[in-house]
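# Give me a 3D structure for the following:
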Amino acid sequence: MRGSRWGMVVCVTLEFLALGVWVGGLLVLIGAVIPAVFNTFGGQDAGGLFLTRTFEGYNRFVLGALTILSAATWYRWWSGDPAVRVSRGETLVLLLMIVVAGIIIVVLHPYAASLQAQAFAAKDEGVRKAAFEEFFRVHMPVRSLYIVNLFLGLVLLGMKAKRSIRWESV
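Got it, this is the predicted structure:
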């Protein structure tokens, strides 16, 4: 067994913190920020732009959380400590989270943001309507993938909680 006991406590604490940011951040965005924006801001343009910037900020937090989760998972695997071993299921869920987040952050969100900017810049109502239709067509999979990643984050959190309870009862 390599690594110190305190190192492992810090590692597991950081994993829970990263998952708290991942899951909690998305729950706050979906449950509080989105409804508040569209009930407060004067129009679709201002509210939509604000939400785009908010999700860009959330995506940066997700990148940080993924970095912490990946490093902590590697550290637990490297330590060889059976109390905090890395299961195949945990690794699979983390890899799925990375793939889904990568698709959102690298491909879909930037494309949706550019379509949104085009729609906001359009002066002709027909062009604007077509641009918004394309934006919403692309944005639907983005929203769906955020929900998938929320679910994966909850699954990983549950796996870690289960391991934590099992460890406590030994």
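
# where does this protein dip in pLDDT?
1, 3, 41-44, 167-170 (pLDDT under 70).

# try 80 this time
1-5, 38-47, 166-170 (pLDDT under 80).

# Scan it for its longest helix.
Assignment by DSSP state H gives helix 125-168 as the longest helix of the chain.

# Show me what that helix packs onto, helices and strands only.
Applying 3 or more C-beta pairs under 8 Å, 6 or more residues apart in numbering; DSSP states H and E, one finds that helix 125-168 contacts helix 5-19, helix 25-28, helix 88-102, helix 109-121. The way it works is simple: take the backbone N, C-alpha and C, and place the C-beta from them, glycine included.

# between those, which one is nearest to Ile34?
Set against Ile34 and scored by C-beta to C-beta, those come closest in helix 25-28, at 9.7 Å.

# just to revisit the earlier point, could you export the helices and strands packed on helix 125-168 as TSV, including mean neighbour count and distance to Val37?
Output for the helices and strands packed on helix 125-168, formatted as TSV (neighbours: other C-beta atoms under 10 Å; distance: least, C-beta to C-beta, whole Å):
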stretch	mean neighbour count	distance to Val37
helix 5-19	16	25
helix 25-28	16	12
helix 88-102	16	23
helix 109-121	17	14
